[in-house]
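S.K.: What follows is a predicted protein model with its sequence.
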Amino acid sequence: MGVIAWILVGLIAGAIAKALTPGKDPGGLIVTMLLGIVGGLLGGWLGKLIFGVESINGFFHLSTWIAAVIGSVVVLFLYRMVTGRSAR
């Protein structure tokens with residue numbers, strides 16, 4: 001996938017991750033997109049490591065989106081832990 005496709009997947013996966021996880025999040029559109037991109041890469045890497053499959057096959061594959069959303073939820077959870085403690 002190209003850079004534009006990764007940005008689009010990251011934006012959508014980050015938005016889905018924010019919708020799936022309750023609570024307030026610091027950050028706007030750019031933070032959502034960056035968390036989604038990092039989450040997509042993390043999800044693809046973990047899918048490859050744990051299951052031994054190529055989990056990021058292409059833009060329209062379901063496995064790409066599942067890996068990106070799961071990875072984004074994990075990254076969002078970690079981001080909340082880090083920013084929640086340092087906000088006070």
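M.R.: All right, it came through fine.
S.K.: By mean pLDDT, flag the weakest helix or strand of this protein.
M.R.: Across the helices and strands of the chain, mean confidence by mean pLDDT, DSSP states H and E is lowest for helix 29-51: a mean of 77.
S.K.: So which elements touch the helix or strand just after that one?
M.R.: Following helix 29-51 in sequence order, the next helix or strand is helix 62-86 (DSSP states H and E). Counting contacts by 3 or more CB pairs under 8 Å, 6 or more residues apart in numbering; DSSP states H and E, helix 62-86 packs against helix 3-20, helix 29-51. (C-beta placed from N, C-alpha, C; glycine too.)
S.K.: Show me the contact partners of the least confident helix or strand of the chain.
M.R.: 6-7, 9-15, 17-18, 25, 27, 53-56, 63-64, 66-76, 79 (CB atoms under 8 Å, 6 or more residues apart in numbering).
S.K.: Pull out the buried residues from that helix.
M.R.: For helix 29-51, the buried set under the neighbour-count rule, 16 or more other CB atoms under 10 Å, comprises 31-44, 47.
S.K.: the inter-axis angle of that helix versus helix 62-86?
M.R.: Here helix 29-51 points in a direction 120 degrees away from that of helix 62-86 (axes from the mean of the first three to the mean of the last three CA atoms, to 10 degrees).
S.K.: Right, I'll leave it there.
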